[in-house]
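Undergrad: Predicted model and sequence follow; I will ask about them next.
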Amino acid sequence: FDAEGRLVLTRRAKEKMLWPNDWDGTFASHPRKSETYVSSGERRMPEELGITGKLDYLHKFEYHVPYKDVGSENEICGTLVGIIDKSTELKEIDGEIDEIKWISARELISELNTNPQNYCPWMLIALELLEKSEQPMLEKYSNILSTWMSNEIHEGLQKAIKVHLPKEKWRLVNEKN
């Protein structure tokens with residue numbers, strides 16, 4: 001996010017097997033055996049965006065969603081947050097990211113109303129669950145996250161998530177790391 005609450009979205013590379021060319025959250029990682037979600041994210045950030053920064057843990061969820069007849073995702077995702085300056089140069093990485101854009105909550109909902117299929121379901125779930133994040137993090141990032149937690153935003157996210165998968169295929173996981 002930037003200080004105004006806009007989120008960095010990345011378009012998945014066309015070479016990706018699952019959800020190629022779809023818009024995703026800023027970046028993702030799979031923690032190694034000795035890593036937390038935060039250390040994994042901080043390790044992966046330079047590899048995917050060409051920048052470094054500090055991240056904080058918000059929440060964890062699990063989901064299962066098929067993608068056409070190609071495969072499926074069955075993941076546990078830790079959601080992280082960090083603030084970067086909008087003027088920071090982010091890099092598109094061949095084979096990972098084909099495009100980068102900044103988006104506000106209202107702009108995202110507007111796009112979801114017409115093209116929800118162009119957005120990765122796990123990103124939508126992560127945003128939908130923001131209000132379930134740990135209280136100290138909600139307080140620390142309140143000026144940014146609050147714009148993503150209105151009824152209008154929830155309704156738009158829930159509608160878009162249903163395009164990809166039913167409610168019983170995703171849930172919040174309460175334990176940390």
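TA: That came through fine. Numbers count the residues shown, from 1 in each chain.
Undergrad: switch to C-alpha atoms for all contacts and neighbour counts from now on
TA: Will do.
Undergrad: Model confidence at the residue lying closest to Leu7 once chain neighbours are set aside, what's the number?
TA: Among residues not flanking Leu7 along the chain, Phe1 sits closest, at 4.4 Å (Cα to Cα, 6 or more residues apart in numbering). At Phe1, the pLDDT value in this model is 95.
Undergrad: Touching, Phe1 and Leu80? I think so.
TA: No - with contact defined as Cα atoms under 8 Å, Phe1 does not reach Leu80; the gap is 10.5 Å.
Undergrad: sorry, back to before: state the distance from the residue nearest to Leu7 to Gly82.
TA: Computed with Cα to Cα, to the nearest Å, the distance linking Phe1 and Gly82 is 6 Å.
Undergrad: One more: Glu134?
TA: From Glu134 to Gly82 the distance is 15 Å (Cα to Cα).
Undergrad: and what of Leu138?
TA: 12 Å.
Undergrad: Looking at the two now, which is surrounded by more residues?
TA: Leu138 (17 against 14; other Cα atoms under 10 Å).
Undergrad: Could you pull up the residues touching that one?
TA: Contacts here follow Cα atoms under 8 Å, 6 or more residues apart in numbering; on that basis Leu138 touches 131, 145.
Undergrad: Which element is encountered next along the chain beyond the strand or helix carrying it?
TA: Assigned by DSSP states H and E, Leu138 falls within helix 135-140. As assigned by DSSP H and E, the chain's next helix or strand after helix 135-140 is helix 142-145.
Undergrad: send the alpha carbons of that next one over as PDB?
TA: Extracted in PDB, the C-alpha atoms of helix 142-145 (Å, rounded to 0.1, in the frame of the first residue of the first chain):
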ATOM      1  CA  SER A 142      -6.000   2.100  10.300                       C
ATOM      2  CA  ASN A 143      -5.600   5.100   8.000                       C
ATOM      3  CA  ILE A 144      -4.800   2.700   5.100                       C
ATOM      4  CA  LEU A 145      -6.900  -0.400   5.800                       C
END
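Undergrad: now it: how far from the chain's centre is it?
TA: The chain centre lies 16 Å from the centre of helix 142-145; the measure is Cα atoms, centre = their mean, to the nearest Å.
Undergrad: Stretch 93-106 now?
TA: 11 Å.
Undergrad: residues of that stretch that come out buried?
TA: Across stretch 93-106, burial judged by 16 or more other Cα atoms under 10 Å covers 96-100, 102-105.
Undergrad: Thanks again, I'm all set now.
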